[in-house]
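Visitor: Sequence and predicted model, in that order:
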Amino acid sequence: MKYDYIIAGAGCAGLSLLHAILIDEKLQNKTILVVDKDQKKSNDRTWCFWEKEAGDFEQILYHQWKKLQFLSSDIEKEFDLEKYTYKMIRGIDFYNHIFKIASQFKNVSFVNEEITHISSTKNTGKLTTKNNEYEANFIFNSTNLFNPKTTTEDTLLQHFKGWNIKVEKPIFNDKLATLMDFRIQQKQGATFMYVLPTSPTEALIEYTLFSKEILDQNEYISELKKYINTYLRIDSYEIVHEEFGVIPMSLANFKRSTEHAKNVINIGTAGGFTKASSGYTFQFIQKNTQAIVTNLKADKNPLETIKFRERVFEWYDRTLLEVLLSEKLEGKEIFSTMFKKVPADIILAFLGNESTILEELKIMTCLPLMPFLSSGIKQLT
Ligand SMILES: Cc1cc2nc3c(=O)[nH]c(=O)nc-3n(C[C@H](O)[C@H](O)[C@H](O)COP(=O)(O)OP(=O)(O)OC[C@H]3O[C@@H](n4cnc5c(N)ncnc54)[C@H](O)[C@@H]3O)c2cc1C
């Protein structure tokens, strides 16, 4: 059987696409095969992102905040968000929600197999697993089969360990999320904590670094313990859940299309949807998914051509990443300067590729010119 679409990888990008197709009246009857080596039954990650309006996943939000704080050695600032809401979704709620919707569609099948190869002939995408071969008009791939090789020269790793902790007495303000706390020791690059309270007695505390190499697991643990004791002044707590992640922040070319394979479209991190300078991916997956669905509905090739403004944001990203990679400025200094001088809504608009040129100028003029100018020129060539 030849499917209309194969979705290779049932993670954030694969399932976001499946969801967007199934809630669309024109596309929901297409035959779809979803292939993943994993059953996606564990709560393997928590996504935070920001948006202005209610999004497609409003009913599974785990928590949301209209107030953020930014902390560093010389700044402690709280921001009331006017335009944006900062939101959190747990991986397991997202997977279950989409599997439940998909179970109502007979035209959608799932297999748990390891994909070994994806290729394309003139009108057909071919996906190979250990024991089977599947065909479709289009294959949407979010596995790392086509990822470019990265090096320590062109890629920083955003690596983090997060603990969901629970305390007996109510001590957290669950209306206020700490987006970045840079008061901690700067290990080998930008190093900060997220503190995301989800109730007066529970919070996700995440120790995060942008650096070339990951740490030994014991180091994350000891820094989390130190922070919880010293900064949050909590002695007794229960760890109810933990997560660990490594996200590439890369100048390497994660391509949306694969050479010679017009029917194979890379999505998610594999398709370059991860914002190079921040590691945020969830909201960019949603935007790109919408663009793909719009093209599919119009019977156009789903491969979205990158627009001029997106290219500009890509250049900003590459410039900021190059400044960090070349250690011209410390991440702590860059983010502290921005949060000191620019309202959080504008920073979020900028980091979400939604800012106006005027807002971008506001950000650029608050940062030291020379390091950004030389990196910016380098990234133009
Ligand atoms: C712990 C963690 C926390 C994160 N938090 C945030 C956050 O707060 N905000 C944000 O914007 N981003 C966050 N990210 C980054 C990003 O949003 C996620 O990594 C996101 O899941 C990327 O989506 P994806 O679909 O590209 O990849 P994935 O969600 O990883 O999906 C890829 C899928 O492909 C499958 N697969 C891979 N190889 C094969 C193969 N050979 N055969 C079969 N199946 C295969 C995998 O099993 C997986 O299900 C986080 C990442 C991690 C790891």
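Guide: Perfect, thanks for sending it. Residues are numbered from 1 along each chain as shown.
Visitor: so where's this protein uncertain?
Guide: 259-260 (pLDDT under 70).
Visitor: how much space between the residue lying closest to D235 once chain neighbours are set aside and the ligand?
Guide: Excluding the flanking residues, the one nearest D235 by CB to CB, 6 or more residues apart in numbering is N229, at 6.6 Å. The C-beta positions use only the backbone N, C-alpha and C, and glycine is treated the same way. To the ligand, N229 is 24 Å away according to CB to the nearest ligand atom, to the nearest Å.
Visitor: Do I have it right that N229 meets Y237?
Guide: No - using CB atoms under 8 Å, N229 is not in contact with Y237, being 9.7 Å away.
Visitor: okay, those two: which has more neighbours?
Guide: Between N229 and Y237, counting by other CB atoms under 10 Å, Y237 is the more crowded of the two (20 against 12).
Visitor: Give me every residue in the chain that's in contact range of the ligand.
Guide: By CB under 6 Å from any ligand atom, the residues of the chain that approach the ligand are 9-14, 35-38, 45-49, 114-115, 142-144, 243, 245, 247, 268-270, 280-282.
Visitor: Can you name the residues bridging to E51?
Guide: With DSSP bridges as the criterion, E51 is bridged to T85.
Visitor: residue ranges of the strands in the stretch 1-150 of the chain, please?
Guide: Using DSSP state E, counting those that start in this stretch, the strands of the stretch 1-150 of the chain run over residues 2-8, 32-35, 46-51, 63-65, 67-72, 75-80, 85-90, 108-111, 115-120, 125-129, 133-141.
Visitor: Can you check which of those gets nearest to L209?
Guide: Distance to L209, taken as CB to CB, is lowest for strand 67-72 among those, at 15.4 Å.
Visitor: That closest one to strand 75-80, inter-axis angle?
Guide: Strand 67-72 and strand 75-80 meet at an angle of 170 degrees, taking axes from the mean of the first three to the mean of the last three CA atoms, to 10 degrees as the criterion.
Visitor: Strand 67-72 pairs with which strands, parallel or anti?
Guide: Every partner of strand 67-72, by DSSP bridges, with its direction: strand 75-80 (antiparallel), strand 176-181 (parallel).
Visitor: Redo those as TSV? Include distance to F339.
Guide: Output for these, formatted as TSV (distance: least, CB to CB, whole Å):
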stretch	distance to F339
strand 75-80	6
strand 176-181	8
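Visitor: which one of these is the most hemmed in?
Guide: Neighbour counts (mean count of other CB atoms under 10 Å) averaged over each of these peak at strand 176-181, with a mean of 21.
Visitor: which ones are touching the residue of the stretch 201-350 of the chain found nearest the ligand?
Guide: Nearest to the ligand in the stretch 201-350 of the chain, going by CB to the nearest ligand atom, is G268, at a distance of 2.2 Å. Contact analysis of G268 by CB atoms under 8 Å, 6 or more residues apart in numbering lists 9, 11-14, 142, 274, 281, 285.
Visitor: What distance do you get for it to T201?
Guide: Taking CB to CB, to the nearest Å as the measure, G268 and T201 are separated by 34 Å.
Visitor: for Y280, same thing?
Guide: For Y280, the distance to T201 equals 28 Å [CB to CB].
Visitor: Most neighbours among the contacts of G268, which one?
Guide: A13 (28 neighbours).
Visitor: which residues does it contact?
Guide: Shown in contact with A13 (CB under 8 Å, 6+ apart): 140, 142, 267-271, 273, 285, 289.
Visitor: which one of the residues you listed has the most neighbours?
Guide: Neighbour max across these (other CB under 10 Å) = F140, 29 neighbours.
Visitor: Pick the most buried one from the strands of the stretch 1-150 of the chain.
Guide: strand 32-35 (a mean of 24).
Visitor: that's a strand at T191, yeah?
Guide: Yes - when DSSP: H, G, I helix; E, B strand; the rest coil is applied, T191 is found to be in a strand.
Visitor: Now it: closest residue in space, sequence neighbours ignored.
Guide: The spatially closest residue to T191, leaving aside those adjacent along the chain, is L209, at 4.9 Å (CB to CB, 6+ apart).
Visitor: That neighbour against M193, yeah?
Guide: No - under the criterion of CB under 8 Å, L209 makes no contact with M193, lying 10.5 Å away.
Visitor: So what does the closest residue to E242 other than its chain neighbours have for phi and psi?
Guide: Distances taken as CB to CB, 6+ apart put W163 closest to E242, at 5.2 Å, once the chain neighbours are dropped. The phi and psi values for W163, taken as degrees, to the nearest 10, are phi -120, psi 130.
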